[in-house]
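>>> Sequence and computational prediction follow.
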Amino acid sequence: MTLLKRIVTSIVLFVPTLVIVYIGICIIGGAVCGTIASAGVHDPHAGYVAGQEAGENFVHQNFTLILWATIGLSVLTSLAVSFSNIFPWCREPKGP
């Protein structure tokens, strides 16, 4: 029964973890690419535009890689959390 509870918990945790990891990868990757693109531009507005375009291009060009990385990290994270006895319903029952 404990295994079933852990598997159900893992499935339920997968969806929010998927969203959080996807958004995090897009934010961090877009910020890094935008910073690199705008580093050499001396005009602040032109640097902002260059950084914004680079951030958008990062997500569009690397979508499949981001998707597979997100799915893999979400599966591993949800399984690790559900099998680590953090939640009370996922713990082994105490013996008599």
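Sure, I can see it.
>>> CA only for contacts and neighbour counts going forward, please
Noted.
>>> Now do the helices in the protein.
2-38, 44-61, 63-82 (DSSP state H).
>>> for the residue positioned nearest the centre of the chain, what are its contacts?
The residue lying closest to the centre of the chain (CA atoms, centre = their mean) is Val21, at 1.1 Å. The contact partners of Val21, taken as CA atoms under 8 Å, 6 or more residues apart in numbering, are 70, 73-74.
>>> which one among those gets closest to Leu4?
Set against Leu4, the nearest of these by CA to CA is Ser74 (19.0 Å).
>>> And for that closest one, the neighbour number?
23 (other CA atoms under 10 Å).
>>> Would you confirm that it contacts Phe14?
Yes: with contacts counted by CA atoms under 8 Å, Ser74 reaches Phe14, the gap being 5.8 Å.
>>> what's the closest of the helices of the chain to Arg91?
That would be helix 2-38 among those, by CA to CA, at 7.1 Å.
>>> what angle sits between the closest one and helix 44-61?
In terms of direction (axes from the mean of the first three to the mean of the last three CA atoms, to 10 degrees), helix 2-38 departs from helix 44-61 by 140 degrees.
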